[in-house]
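Quick one: sequence and predicted model below, then my questions.
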Amino acid sequence: MMMAKAIIGKVYCSTAQKVLVVRRRPNVVNGGGFVVMDCSAQKVLFRVDGSFVPGKKGDLILREADGGALLLMRPMGGMVQALGVYKKWKGYTVDYHGSRKLVFSLREPNSCLVKNNAIRIFTRSRGCDFKISGYFPDKCCAIVDSKGNQVAQVEIMKEVQEFMESKELYHVVVKPGMDQAFVFGVIAILDYIYGESTHC
C-alpha cells in the first residue's frame, strides 16, 4: 500500500483506490465550476467555484460537500509574472477563522525558452513534488510524483464517451494514500488554465 501523502489533510487520503466523477457546472453568474462525486457512494465530495468577484479574476475555491471553503487557489499577477518564463499559482488552505496557509504552488511554462514544458507542482512537504503528464483538455493526463508514479489519472468515462462529444463528464482515478483534496485543487487550476468550466 502507498504511504499517505496528506498535503491538505489525512482525512482526504483513502486506503483504497478511488474512482471519482467530475461533472461540469454551467458558466453562470457565480463563475461556473465543477462538482466531484464518489462513484461508489453516489455522494458529492467536493465542489469547485470560479471567482465572480470583480478584481479577483482567476481565484478558485475548492469546497467540501457542505460548502465549507477548503482550499483557495490564486494566480500570481504583476509585471514580473507577465515577463517571467513561468506563470505561477498558489494554493492555500483556509480555516474557519479565514486565515490562509500556503500548501502548494503550481508553475506553468510561459515561454518557449523553457526546456521542459511540463506543468510542475511544489508542496511544502519535502520530497513531495509532482508534474502533469499528458494533456488535460483531452482528459488524458496524470499527476505524477517525483519518483515517476502516477498518483491520479484523468480520463473520459468510456460509458459516456460514445454518447457525448463534450468533455463535461469525466473521471479521476486517485491512487491509495493520495490526498484527494490536493488532486482536485490541481485539477481546478488546470481547468482554469485551459479555459474550461472555472474560467469566466
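Now that the structure is in, tell me what you want to look at.

Surely Ala188 is within a strand?
No: judged by DSSP: H, G, I helix; E, B strand; the rest coil, Ala188 forms no part of a strand; its state is helix.

residue contacts, it?
Neighbour list for Ala188: 33-34, 48, 60, 62, 73, 198 [criterion: CB atoms under 8 Å, 6 or more residues apart in numbering]. Yep, even glycine has a C-beta here, placed from its N, CA and C like the rest.

Identify the farthest-apart pair in those.
Phe34 and Met73 (13.3 Å; CB to CB).

From the contacts of Ala188, pick the one nearest Phe184.
Leu62 (5.9 Å).

what helix or strand does the closest residue to the closest one other than its chain neighbours sit in?
Spatial nearest neighbour of Leu62, excluding adjacent residues (CB to CB, 6 or more residues apart in numbering): Leu71 at 4.0 Å. Taking DSSP states H and E as the criterion, Leu71 maps to strand 69-75.

Go ahead and measure how far that strand is from the middle of the chain.
10 Å (CA atoms, centre = their mean, to the nearest Å).

can you check stretch 68-76 too?
Relative to its chain's centre, stretch 68-76 lies at 10 Å (CA atoms, centre = their mean).

Can you give me the neighbour number for the residue nearest to Phe184 when sequence neighbours are not counted?
Spatially, and ignoring its direct neighbours in sequence, Phe184 is nearest to Phe46 (5.2 Å; CB to CB, 6+ apart). Per other CB atoms under 10 Å, the neighbour tally for Phe46 reads 25.

For Phe46, list the residues it contacts.
35-36, 62-65, 70, 180-181, 184.

Helices of this protein, start to end?
Assigned by DSSP state H, the helices in the chain fall at 79-83, 158-161, 180-193.

Strands of this protein, start to end?
Secondary structure of the chain (DSSP state E): strands located at 18-25, 33-38, 43-50, 60-64, 69-75, 86-94, 100-109, 120-123, 130-135, 140-145, 150-156, 169-174.

hmm, who's touching the first one?
Same thing as strand 18-25. Contacts to strand 18-25, defined as CB under 8 Å, 6+ apart, come from residues 32-40, 45, 157, 168-174, 180, 187, 196-197.

Now, of these, which are buried?
Among the contacts of strand 18-25, the ones that count as buried by 16 or more other CB atoms under 10 Å are 32-38, 45, 157, 169-174, 180, 187, 196-197.

Do I have it right that Thr15 meets Met178?
No: Thr15 is beyond contact range of Met178, at 11.0 Å (criterion: CB atoms under 8 Å).

Compare these two (neighbour count), which wins?
When neighbours are counted by other CB under 10 Å, Thr15 and Met178 differ, and Met178 comes out ahead with 26 against 10.
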